[in-house]
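Engineer: I would like the atomic coordinates for the input below:
(2 chains)
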Amino acid sequence: MESLLLILGIISPIILILGVAIKFYKISKMPLNVRWEIYPLPHEKGERGKYGGSYMEELNWLEKKPERYTLGGFKELFKEILYLHRVKKFNPYGIWIWSLALHWGIWLLFLWMAILIVNSIFGLEIASLLSISAYLSYILGVIGVVGLIIKRVTVHDLRIYTYPIDYVNLLFLLLLFASGLLSVMNKGGVNESITYLEGLLKGNIPFAELSSMTILHFLIFKLFLIYIPFSKFFHGPVKYMTFHKILWDDMYQVKGSEEEKKISEQLNYRVRWSGPHILSDKSWLENAQNTNLHDKV
Amino acid sequence: METLKDIAKETNQPIIKINNEDLLSLSPYIDEKDGDYKAPDDWFEKYDLSLDGFSGFPFLNPSEEEKKEIVKNFLTGIQKLLNPESNWTFYKPFYLSLKNCVKCNTCAEACHIYIGSGKKEIYRPNFRSEILRRIHNRYFTTSGKVLKSFVGADIEVTYSLIRRLLELAYRCTLCRRCALFCPVGIDNGLIARELRKLFSQELGMAPVEVYKKGTRLHLQVGSTTGMKPYTFRDVIKFIEEDIHEKTGKKITIPLDKKGADIMLLHNGGEYLSWPDHIAAFAILFDAAGINYTLSSEQFGYDGVNYGAWYDDVELARVGLRHLQIAHELGVKKVVIGECGHAQKVYTVIFDRILPSSSPLWNIQRESCIPLMWEIIKSGVVKLDPMRNNFPITFHDSCNVVRLMGIVSPQRKIINAISPGTFREMNPNGAYNYCCGGGSGFAIIRSLNFPVFRNKVSIRLKTKQILDTFSDVLNQDIPKLVVATCSNCKGALRDIIRTYGLFEKYKINYSGLVDLIVNAMVDIPPFLNLEEMEE
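Structural biologist: Numbers count the residues shown, from 1 in each chain, chains lettered A, B, ... in the order given. The predicted model follows:
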C-alpha cells in the first residue's frame, strides 16, 4: 500500500502532463477546419478589440498584414480562468460565486502543492508561512462544491442536464477539499503536508508520523491529477483549443503555408456521405467541381 | 419539461405548447388580441407537428420499414460527422463542442428564440446539443454502452426522436450568439448546423426552400429565384429605365465587363424583391466612378449560398462556381453586396475551402461595406445629411458583425449621412440579437413554419426596435430600420407587417446603400418612407 502511494505520487503528475499533451496532440492533428471565428477577438488592437472589429473592415485587406496584439488572447483567457467573467456576466442561475470559489480552490491547491515542492527541494521553510493558500483552497473548494451541488439539485434547468457522473465528480472534489481541510485542522496542521511532500520527494514517506486524513487527502489529489485528462475536468485545458484555435482563429491563408498544404490534402478526402445529391465515392474536390449534378434519384 | 427524454415520446402531439401568454411580451407597444394558434386538426395526422405544433417539412409520415431505414441512416450520419475525412470542414469544432460542455447553461439567455418563446426548454441553445451528446454517448462510447444513464447515455434513437430533431435543427438561426457567451468555447450554433448537415448529406432531408428550391435550383438554372440569364438582363434593363424615370440619370449598369476591378455579387432575391436596392448600388457606384461589373452568366448574378446553412457539399459547389465566373471575367476582386451570409461565405469560409495556390483563391473577396465607407469618406459623391432627417436605427446582421467583425464602417456611414438622428439598438454590434430570419428562416414558407417565425423567432427583434424608438412612437415622424442583409430585410418586412409597425408607428426599413443614395444631392430623394411596399 505504501509503495503504491509512493508510485502514485510519482506517476500521477506524469500521467496528467502526458494525458493533456497527448490529447492536445490529437486535437492538433485533426483536419484544419474552415474558418469559424467569432468576434470580438482579443488579439485585435485598440478600439477594434473592444467593439469587435476585424481587418475585414478595411479595403484591400489581403494586401495588408493585420496588426496583432499577441498578449490579448492570453489576457482574455486568464480573465476567464481567474474570474470566470462570462459566467459572471451571462449565467442566469447564480452559479458564478460558487463556481469561482471552486475554481480558486483548485488554483490555490495547485499553488499550495507547488509551495510544498519548492519548500522541500530548496529547504526554504516557506510552507508554514504560506500555508494560508492551503486553508483558503480547502475552504473555498468546499464552499464552491457544496454550492454547485445545491444549485444542480435545486435548479430545474440545471438538474435535467446533470448526469449522475457529474454529481460523482463534484463529490470527488468535495472529498478532495474536505479531506485537505480536515488534514490541516489536525494536530499536526500543515506540517503533516510538508512532511508528506518531503517524504515523497525523498522516496520514503513516513506514514507512521501522518494522520490517515493527510494520507487520504494526498491519495485523492493524486487520483485527481490522473483523472483530469480523461474526464470533464479537461474542459479547463481544452479552452486553449476552442478559443485560440477555433473561435479566435481569424488568420487568412498564406501562400506556401502549412495550411495551404493541409487544405490541398483535405480536398482529396473521400466525401462518403450518402445523400441523393452526393457522389459518395468521389473526393471533396470532385464533388465541389460537379456543379451540374442533379439528384441521383 | 421534466426530462430531456421527452423528446423521444411516442406521440403525434407536440411535446411543448406555445401559448401567447408565455411569449415575450410586446406590451405596451403592441396589443395582441389574437387567440393561441393551433394547426388544423387533420395536419396532426397527415404531417409531423410533434415537436412544438409547427413544421417546415411538408412530407408525409413514412412507413414502418422506411422509419427503420431512417434510424439506421441517422446513426450512420453521426459516425460520418465524427469522421475526420467525411467532415474535415467542421470536425474539430464539432468534436470539441460535443465532448466538453459542462452544462452550466450560461448560453441560455443569449438566444432570441429561447427568450422570445418565454424560455421553452426545447429552444435552449444547449438542448439539441445535449440530445445529440446523449445519443453519441449511448451509441458511440464504451462508457455509455456500459454505464448508460450514469454517464448521460440514456436516449434511445427512434424515428419520433429523429423527426423532432429535424424540426429542432430549424429552430435555431445559427447566429452563434450563444457561442459568444460560452465560458468553454462550446458552439451550440455549430451543432445545430451539423445536425442540419447530417439530415441533408446523409438522409436527403432539408427544407424544400433551401434544397430543392434553393441550392438545387441555383445549380440547375443559375438562381434560387429561378431567374435565368435572359430574365436577369431584362430586369437590369427595367432597373436602368426605372433609374432614369426616378432620377433623370441615364445609367448603363455594366454587365460582363472583362477586366473590371470589381465583380459585384448581389443576393439574387434583391433583383425581384427590392430592385430599388440594386438601382441604389448602380447610382452610387456610377457617381463614384467605380470600375465594376455584374455578371449575366448563368449563376453569376445570384450571390446567395444557401449551402452555408445546411450542407457543406452544396456550399462548396455554389461558391466554387461563383469564383470561376469571377475568374473568367478577369476581375481583381469580388465585392459582395448587402447579403450577410454571402459576405461571410466568401470572405471567411472560402478562405479555407480552396488552397491559396488556386487562382480562384487569389481573387480578393470583400464586403461592400468598407467600399461604401471609402466612397463616402472620399467626398466624391455630394451628400446632404438633412435628407435623412428622421430617426434611424441599424440592425446588425449576425454574419457581418459577430462572424466577420465588420462593425464600424456602417456606423460611420450612417453618422456621416444623417444629421445626428442615428440611435443604436441595445445590444448591438457583435452582441446584437438575430433578426429572427437568419439561416433560411426568412424564406422557409412550408406548412406553418412562418407562423412560428412570426410569433417566436422575430419577436425579440420586434421588441428591440420598438424599445429603440420608444420616445418617438407616433404616426407623425417616419422612422427607419437599416440593415445590410437581404435575409434581415426579409425578417424586418415580416416584423413590420406582422405587428403593424408601419400603420401604428410609421416604422419602415431599407438597405444601407438606399439610405446613402437618399442623401445624394443631385437626384430627388430616393426613399419613400410615407408608404410601405406591398
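Engineer: summarise which helices and strands the lowest-mean-pLDDT helix or strand in chain A is packed against.
Structural biologist: In chain A, no helix or strand scores lower on mean pLDDT, DSSP states H and E than helix A:70-83, which sits at a mean of 91. If you count contacts as 3 or more C-beta pairs under 8 Å, 6 or more residues apart in numbering or on different chains; DSSP states H and E, helix A:70-83 packs onto helix A:96-122, helix A:235-239. Just so you know, the C-beta spots here come from the backbone N, C-alpha and C atoms, and that holds for glycine as well.
Engineer: what would these look like in JSON lines with distance to chain B?
Structural biologist: Shown next, in JSON lines, are the helices and strands packed on helix A:70-83 (distance: least, C-beta to the nearest C-beta, whole Å):
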{"stretch": "helix A:96-122", "distance to chain B": "7"}
{"stretch": "helix A:235-239", "distance to chain B": "5"}
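Engineer: redo those as TSV? Include mean pLDDT and mean neighbour count.
Structural biologist: Formatted as TSV, the helices and strands packed on helix A:70-83 follow (pLDDT from 0 to 100; neighbours: other C-beta atoms under 10 Å in any protein chain shown):
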stretch	mean pLDDT	mean neighbour count
helix A:96-122	96	19
helix A:235-239	94	19
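Engineer: so which residues of chain B form strands?
Structural biologist: B:262-265, B:292-293, B:333-336, B:364-367, B:392-395, B:422-423, B:479-483, B:507-511 (DSSP state E).
Engineer: need the ones you listed in CSV (columns: distance to chain A, mean neighbour count and mean pLDDT).
Structural biologist: Conversion of the strands of chain B to CSV gives the following (distance: least, C-beta to the nearest C-beta, whole Å; neighbours: other C-beta atoms under 10 Å in any protein chain shown; pLDDT from 0 to 100):
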stretch, distance to chain A, mean neighbour count, mean pLDDT
strand B:262-265, 11, 26, 98
strand B:292-293, 14, 21, 98
strand B:333-336, 8, 24, 98
strand B:364-367, 5, 24, 97
strand B:392-395, 13, 23, 98
strand B:422-423, 15, 18, 98
strand B:479-483, 18, 25, 98
strand B:507-511, 19, 25, 97
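Engineer: closest to B:Leu96 out of these?
Structural biologist: Closest to B:Leu96 of the strands of chain B is strand B:364-367 (C-beta to C-beta; 27.5 Å).
Engineer: wait, A:Met213 sits on A:Val184?
Structural biologist: No - using C-beta atoms under 8 Å, A:Met213 is not in contact with A:Val184, being 9.1 Å away.
Engineer: looking at these two, which one has more neighbours?
Structural biologist: Ranked by neighbour count (other C-beta atoms under 10 Å in any protein chain shown), A:Met213 and A:Val184 place A:Val184 first, with 22 against 19.
Engineer: the nearest residue to B:Tyr509 once chain neighbours are set aside and B:Ile30: what is the separation?
Structural biologist: By the measure of C-beta to C-beta, 6 or more residues apart in numbering or on different chains, the closest residue to B:Tyr509 outside its immediate chain neighbours is B:Leu492, 4.1 Å from it. Relative to B:Ile30, B:Leu492 is positioned 16 Å away (C-beta to C-beta, to the nearest Å).
Engineer: of those two, who's got more company?
Structural biologist: B:Leu492 (28 against 17).
Engineer: what sits against that one?
Structural biologist: Neighbouring residues of B:Leu492 by C-beta atoms under 8 Å, 6 or more residues apart in numbering or on different chains: B:His395, B:Cys435, B:Lys461, B:Val481, B:Ala483, B:Tyr509.
Engineer: go again using 7 Å as the cut-off
Structural biologist: Taking C-beta atoms under 7 Å, 6 or more residues apart in numbering or on different chains, we find B:Leu492 in contact with B:His395, B:Cys435, B:Val481, B:Ala483, B:Tyr509.
Engineer: beta partners of the last one?
Structural biologist: So the one you mean is B:Tyr509. Beta bridges link B:Tyr509 to B:Val481, judged by DSSP bridges.
Engineer: contact partners for it?
Structural biologist: Taking C-beta under 7 Å, 6+ apart, we find B:Tyr509 in contact with B:Leu480, B:Val481, B:Ala483, B:Lys489, B:Leu492, B:Arg493, B:Ile496.
Engineer: same thing with the first one?
Structural biologist: B:His395 is in contact with B:Met425, B:Cys435, B:Val481, B:Val482, B:Ala483, B:Cys488, B:Leu492, counting by C-beta under 7 Å, 6+ apart.
Engineer: I'd say the first one and B:Thr393 touch.
Structural biologist: Yep, that's B:Met425 we're talking about. Yes - B:Met425 lies in contact with B:Thr393 (C-beta atoms under 7 Å); the separation is 5.6 Å.
Engineer: which residues do the two both contact?
Structural biologist: Common contacts of B:Met425 and B:Thr393 (C-beta under 7 Å, 6+ apart): B:Thr468.
Engineer: which single one of the contacts of B:Leu492 is nearest to B:Lys246?
Structural biologist: B:Tyr509 (19.4 Å).
Engineer: next, count neighbours for the residue in the stretch 301-450 of chain B that chain A sits nearest to.
Structural biologist: Of all residues in the stretch 301-450 of chain B, B:Gly405 sits closest to chain A, at 2.6 Å by C-beta to the nearest C-beta. Look at B:Gly405: counted by other C-beta under 10 Å, it has 27 neighbours.
Engineer: confidence score at it?
Structural biologist: Confidence at B:Gly405, expressed as pLDDT, is 98.
Engineer: contact residues of the stretch 101-250 of chain A facing chain B?
Structural biologist: When proximity is defined as C-beta under 7 Å from any C-beta of the partner chain, the stretch 101-250 of chain A approaches chain B at A:157-158, A:160-165, A:232, A:234-235, A:238-239, A:241-243, A:246-247.
Engineer: from those, which would you call buried?
Structural biologist: If you count burial by 16 or more other C-beta atoms under 10 Å in any protein chain shown, the buried members of those come out as A:158, A:160-163, A:165, A:232, A:234-235, A:238-239, A:241-243, A:246-247.
Engineer: and the least confident helix or strand of chain A, what's buried?
Structural biologist: Neighbour-count burial for helix A:70-83, counted by 16+ other C-beta under 10 Å, picks out A:Gly72, A:Gly73, A:Glu76, A:Leu77, A:Glu80.
Engineer: for the spatially most central residue of chain B, what are its contacts?
Structural biologist: The centre of chain B sits closest to B:Gly438, judged by C-alpha atoms, centre = their mean, with a distance of 2.4 Å. Taking C-beta under 7 Å, 6+ apart, we find B:Gly438 in contact with B:Thr173, B:Leu174, B:Cys175, B:Cys398, B:Asn487.
Engineer: okay if I get the residues you listed as a markdown table plus distance to A:Val190, pLDDT and neighbour count?
Structural biologist: Output for those, formatted as a markdown table (distance: C-beta to C-beta, whole Å; pLDDT from 0 to 100; neighbours: other C-beta atoms under 10 Å in any protein chain shown):
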| residue | distance to A:Val190 | pLDDT | neighbour count |
| --- | --- | --- | --- |
| B:Thr173 | 55 | 98 | 28 |
| B:Leu174 | 53 | 98 | 24 |
| B:Cys175 | 51 | 98 | 25 |
| B:Cys398 | 53 | 98 | 27 |
| B:Asn487 | 62 | 96 | 30 |
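Engineer: might you list the low-confidence residue ranges for the chain?
Structural biologist: With no chain named, the answer covers chain A. Chain A contains residues with pLDDT under 70 at A:291-297.
Engineer: let me rephrase: I mean chain B.
Structural biologist: Counting by pLDDT under 70, the ranges of chain B that qualify are B:534.
Engineer: which residue sits farthest out from the middle of it?
Structural biologist: Furthest out from the centre of chain B (C-alpha atoms, centre = their mean) sits B:Val146, at 41.6 Å.
Engineer: quick one on the thing from earlier: could you export the contacts of B:Leu492 as JSON lines, including distance to B:Ser356?
Structural biologist: Compiled in JSON lines, the contacts of B:Leu492 are given as follows (distance: C-beta to C-beta, whole Å):
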{"residue": "B:His395", "distance to B:Ser356": "34"}
{"residue": "B:Cys435", "distance to B:Ser356": "34"}
{"residue": "B:Val481", "distance to B:Ser356": "39"}
{"residue": "B:Ala483", "distance to B:Ser356": "33"}
{"residue": "B:Tyr509", "distance to B:Ser356": "39"}
